[in-house]
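S.K.: Just the structure for this:
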Amino acid sequence: MIVRLFDEKEHAQSYWKYRISPSQEIIDMIINFLQKHRSSPQELELAVDVGCGSGQGTVLLGPHFTKVVGTDVSPAQLEMATQHATAHNITYRECPAEQLPMADGSADLVISIAAFHWFDHARFLKEADRVLKPRGCLVLLDYSIIMELSYGDCSHALNDICKELYAALLLYRNPYLGANCRDRYKGTYDKLEYPDKEWHEELWVRKTVPLSHYMGMIQSLSNYQAMQKDDPEKANQLSHDITHRLMRAMGVSCPETELLLSVRYSGLLACKP
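M.R.: Okay, the predicted model is just below:
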């Protein structure tokens, strides 16, 4: 893994509380893709969730596999994931994405959700190929920090305010990510030498959350965390101002007022020959 972030315990707690997981529809799409390309209808044995963070996505895989292993380089994130682990078939391992502690050809699924962009891409793809069984599935998903808010008849005003927030955060984008994560995922899809593969541009996850939850998710992003380390007062003021502007636009006085949050995922599904 090229970049190490999200290592602090407080940040790991925020990550677990506020990050939006893929929907059940996305998980079902992945399982259907895997089943469609399998040579026989055998039981799905092993899924590996790489860069699993605090495990929100890992737990969604549990019902579909005999064993699920989440891996990450952050002890704080894995501690949080372990605290919330309830299924007997889910475990966690601390390791780099490029050095997975699994045998050759052992995994039915290798998946990374909103983490692949931090990896050494060439080394990880080689490692994923090593770990996957023939006809196993590689899934790389990411979501855009440009989210959409909906509330009554003021949704347009809310999203105009959010555009200012995203523009401020863009100044603190980690240089390793380049200009656009989406292009990195699409470029990987285009170059990946697996004949059976799919690219999905818009996989929307919509969830009703309090306004405070949306702001908590924003504060958990690497851009915001970088701003906070560089200038805590500036970061706190930005969060305060945006929250109160959104509340005024909604005509409410409580940040626990619920609104509809829409998060756009995109990414690739590919089957190893």
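S.K.: Now do the strands in the stretch 51-200 of the chain.
M.R.: 67-72, 90-94, 107-113, 132-143, 148-150, 196-210 (DSSP state E, counting those that start in this stretch).
S.K.: Redo these as a markdown table? Include distance to residue 183.
M.R.: Where you see a C-beta, it was placed from the backbone N, CA and C, and this is true even at glycine. Output for the strands of the stretch 51-200 of the chain, formatted as a markdown table (distance: least, CB to CB, whole Å):
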| stretch | distance to residue 183 |
| --- | --- |
| strand 67-72 | 25 |
| strand 90-94 | 30 |
| strand 107-113 | 17 |
| strand 132-143 | 11 |
| strand 148-150 | 21 |
| strand 196-210 | 12 |
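S.K.: Tell me which of those sits nearest to residue 158.
M.R.: With CB to CB as the criterion, residue 158 lies closest to strand 148-150 of the strands of the stretch 51-200 of the chain, at 4.3 Å.
S.K.: Let me know the next secondary structure element after the longest helix along the chain.
M.R.: The single longest helix within the chain, with elements called by DSSP state H, is helix 232-250. Counting by DSSP states H and E, the next helix or strand C-terminal to helix 232-250 is strand 258-271.
S.K.: pLDDT averaged over that next one - what is it?
M.R.: When pLDDT is averaged over strand 258-271, the result is 97.
S.K.: and if you look at stretch 149-169?
M.R.: On average, stretch 149-169 scores 97.
S.K.: Go ahead and produce PDB holding the CA coordinates of it.
M.R.: C-alpha atoms of stretch 149-169 as PDB (Å, rounded to 0.1, in the frame of the first residue of the first chain):
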ATOM      1  CA  LEU A 149     -28.900  16.000  -1.000                       C
ATOM      2  CA  SER A 150     -32.600  16.100  -1.300                       C
ATOM      3  CA  TYR A 151     -35.100  17.800   1.100                       C
ATOM      4  CA  GLY A 152     -38.400  19.200   0.100                       C
ATOM      5  CA  ASP A 153     -38.300  21.900  -2.600                       C
ATOM      6  CA  CYS A 154     -34.800  23.200  -1.700                       C
ATOM      7  CA  SER A 155     -32.700  20.400  -3.000                       C
ATOM      8  CA  HIS A 156     -31.100  22.600  -5.700                       C
ATOM      9  CA  ALA A 157     -30.100  25.200  -3.100                       C
ATOM     10  CA  LEU A 158     -28.600  22.500  -0.900                       C
ATOM     11  CA  ASN A 159     -26.500  21.100  -3.700                       C
ATOM     12  CA  ASP A 160     -25.200  24.600  -4.700                       C
ATOM     13  CA  ILE A 161     -24.000  25.000  -1.100                       C
ATOM     14  CA  CYS A 162     -22.400  21.600  -1.200                       C
ATOM     15  CA  LYS A 163     -20.500  22.500  -4.400                       C
ATOM     16  CA  GLU A 164     -18.800  25.200  -2.500                       C
ATOM     17  CA  LEU A 165     -17.800  22.600   0.200                       C
ATOM     18  CA  TYR A 166     -16.400  20.200  -2.400                       C
ATOM     19  CA  ALA A 167     -14.400  23.000  -4.100                       C
ATOM     20  CA  ALA A 168     -12.900  23.900  -0.700                       C
ATOM     21  CA  LEU A 169     -12.000  20.300   0.000                       C
END
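S.K.: Spit out the contact partners of residue 218.
M.R.: Going by CB atoms under 8 Å, 6 or more residues apart in numbering, residue 218 touches 145, 165, 169, 224, 239, 242.
S.K.: I meant to write residue 56 there.
M.R.: For residue 56, the contact set (CB under 8 Å, 6+ apart) comprises 16, 19, 21.
S.K.: Which residue is the nearest non-sequential neighbour of residue 117?
M.R.: residue 181 (4.8 Å; CB to CB, 6 or more residues apart in numbering).
S.K.: what's across from the residue lying closest to residue 23 once chain neighbours are set aside in the sheet?
M.R.: In this structure, residue 23 finds its nearest non-sequential neighbour in residue 205, 4.6 Å apart by CB to CB, 6+ apart. Beta-bridge pairing for residue 205 (DSSP bridges): residue 263.
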